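S.K.: how would this look folded up:
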Amino acid sequence: MRTFERESAASMARRLDAGETTPVALVEQSLARIAALDGELHAWAHVAAEEARAAAREAEARQKAGQRLGPLDGVPVGVKDNLFVKGMPARWGSTFFQDHVPERDDIVVERLRAAGAIIMGKTSTPEFALSGRTFSPVTGHTRHPMDPRLTPGGSSGGAVASICAGMVPLGVATDAGGSTRLPAGYGGLYGLRPSNGRVPRRWGFPPMAMDFQAVGLIAGTLEDLELLYAALIGPDARDPTSQRLPPDPRVDGGIRVGWLNAYGQELVDPHVRRAVELAAKRLASLGLEVAPAAPPYDLAAIREIWGIIPVAGVARMASRFPKRWASDSSESLRPMAERGSRLSIPELVDAVDRLNAFRADVSAAWGAYDLLLMPSAAAPAWPAEDEFPREIDGKPGHPRAMNVFSTWVNAVGYPGLNVPGETHPDGRPIGVQLVGRYGAEKLLFEVARLLAA
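M.R.: Residues are numbered from 1 along each chain as shown. Coordinates of the predicted model:
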């Protein structure tokens, strides 16, 4: 497995404060790394070289005047191609939006700019951000920097590949079913799916799966993730969900952690199970109350719901491009569109009713734990040309195998954080996931620091 020299955003910020480097120098280093590696990796859907250079010059002027806006001022960052950045293409991994250039920023991009971060461009995503690997008609196969034969996962594979390869230290992405946490796990990075509304959003592509999708944050270190998180969170009147978040949950006494590394007979790589068990033992050794827990969610129920809501979204997109859909869409999306086109309105409303019941059931079944520890994905990264792992633990894989521990988090709107775990014997990274109740991001960071210590 290959490794790359990477400088953290926190290190860049310290060197900028000390005058040991400049925003212009950091941007040129980023552009040089992209030019050297992206021909192989395809991490980027669009590189905004001149816009980044102009922003770097502005950041450098602030630096010289002693007026840096904060730790991210002058630091390069990537933005996933399904988020809107004014003046940059937002293709959503699709040729249907080949010429689409938004006229306004999403709120999260406004906040990046307000923090002085330098947007280097748009990172690759599969078409409509609906795949566990990153392949699209726009960018082709995005490949894992540590081993280009492998996928960095999806749908935020471009963000993960760009950070793994040292092109940028930070990535802003999305997560509808695991799209931030799973790729971060495959790359040995930190990936956060925040609580619904924690990072407000407005202006963008229509949702494929209602409020399952949240803005996700990816970084190479926990310190970097927390810097990015601090710059992007907070209520905004344009996103009512962001104004309804509860106060941070209080923990009375010791932190109680429930852990699980299996779900019934679902396929889970034994090294993934071991990584979770070792993380549980680590937390217990540090004095946390750690105990085995039953899954608080019904996997069959969320699979049934997921089998309706996103396919309805895909069918909507197919209806907008009836003449081109059969020839221009990704092959993996065509069966989804066909299923979605056959759905009736009562079936869709029934799925929404079942989703509401699922959310209530998870809340009731959570138990006395402050957070849960479980796998992020059921197995490490796999060959890029395959839609999903063909084998897990010696048994044939299937398209739904990797999301056993992730999509339920999106369904209820809870925060989930991937933390690097013990690596596979062959060197592939493995991620473990911390999941908290609604609004519990600070607690996830606290426990992640213990695992990283």
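S.K.: Name the residue most distant from the centre of the chain?
M.R.: residue 65 (35.7 Å; CA atoms, centre = their mean).
S.K.: Contact partners for the spatially closest residue to residue 372 that is not a sequence neighbour?
M.R.: Using CB to CB, 6 or more residues apart in numbering and skipping the chain neighbours, the partner closest in space to residue 372 is residue 435 (4.6 Å). The C-beta positions use only the backbone N, C-alpha and C, and glycine is treated the same way. If you count contacts by CB atoms under 8 Å, 6 or more residues apart in numbering, residue 435 has them with 371, 372, 373, 374, 409, 414, 415, 416, 417, 444.
S.K.: Name the nearest of these relative to residue 16.
M.R.: Distance to residue 16 across the contacts of residue 435 (CB to CB) is lowest for residue 417, with 27.1 Å.
S.K.: Now for the closest one: which residues touch it?
M.R.: 181, 190, 191, 192, 193, 433, 434, 435, 441, 444, 445, 448.
S.K.: Quick one, which of the contacts of residue 435 are buried?
M.R.: Buried subset of the contacts of residue 435 (neighbour count, 16 or more other CB atoms under 10 Å): 371, 372, 373, 374, 409, 414, 415, 416, 417, 444.
S.K.: Take those residues and keep only those in strands.
M.R.: 371, 372, 373, 374, 416, 417 (DSSP state E).
S.K.: Against residue 314, how distant is the second one?
M.R.: So the one you mean is residue 372. To residue 314, residue 372 is 31 Å away according to CB to CB, to the nearest Å.
S.K.: Now do the residue farthest from the centre of the chain against residue 21, distance only.
M.R.: Taking CB to CB, one finds residue 65 at 17 Å from residue 21.
S.K.: Also residue 178?
M.R.: 36 Å.
S.K.: One more: residue 200?
M.R.: Counting by CB to CB - residue 200 and residue 21 are separated by 32 Å.
S.K.: More neighbours: those two, which one.
M.R.: Shown here are residue 200 and residue 21; by other CB atoms under 10 Å, residue 200 has more neighbours (24 against 17).
S.K.: ok, which stretches of the stretch 201-350 of the chain are helices?
M.R.: 222-232, 270-285, 299-306, 309-320, 325-328, 334-341, 345-365 (DSSP state H, counting those that start in this stretch).
S.K.: Out of those helices, flag the one nearest residue 105.
M.R.: helix 222-232 (12.6 Å).
S.K.: Any buried residues in the closest one, and which?
M.R.: Buried residues in helix 222-232 (16+ other CB under 10 Å): 222, 223, 224, 225, 226, 227, 228, 229, 231, 232.
S.K.: How about stretch 276-295?
M.R.: Quick answer for stretch 276-295 (16+ other CB under 10 Å): 276, 277, 279, 280, 282, 283, 288, 290, 293, 295.
S.K.: So which of those residues is the closest to residue 52?
M.R.: residue 279 (37.4 Å).
S.K.: Could you verify my assumption that the closest one touches residue 452?
M.R.: No - contact criterion CB atoms under 8 Å: residue 279 and residue 452 do not qualify, at 10.7 Å.
S.K.: Mutual contacts of those two, please.
M.R.: Counting by CB under 8 Å, 6+ apart, the residues touching both residue 279 and residue 452 are residue 419.
S.K.: Let me see the contact set for the residue nearest to residue 221 when sequence neighbours are not counted.
M.R.: Nearest residue to residue 221 in three dimensions, chain neighbours excluded: residue 8, at 5.0 Å (CB to CB, 6+ apart). Taking CB under 8 Å, 6+ apart, we find residue 8 in contact with 169, 219, 220, 221, 223, 224.
S.K.: Next: residue 398.
M.R.: Neighbours of residue 398 in contact, by CB under 8 Å, 6+ apart: 267, 388.
S.K.: can you pull the pLDDT of it?
M.R.: What the model reports for residue 398 is a pLDDT of 93.
S.K.: one step back: with distance to residue 90 and mean pLDDT added, can I get the helices of the stretch 201-350 of the chain in CSV?
M.R.: CSV is the format used below for the helices of the stretch 201-350 of the chain (distance: least, CB to CB, whole Å; pLDDT from 0 to 100):
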stretch, distance to residue 90, mean pLDDT
helix 222-232, 18, 98
helix 270-285, 34, 98
helix 299-306, 25, 98
helix 309-320, 15, 96
helix 325-328, 17, 93
helix 334-341, 21, 95
helix 345-365, 27, 97
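S.K.: Which among those is found nearest to residue 253?
M.R.: Nearest of those (CB to CB): helix 270-285, 15.2 Å.
S.K.: relative orientation of that closest one and strand 371-375 in degrees?
M.R.: 150 degrees (axes from the mean of the first three to the mean of the last three CA atoms, to 10 degrees).
S.K.: Report all helices and strands that helix 270-285 contacts.
M.R.: Applying 3 or more CB pairs under 8 Å, 6 or more residues apart in numbering; DSSP states H and E, one finds that helix 270-285 contacts strand 256-259, strand 289-292, strand 371-375, strand 431-436, helix 441-452.
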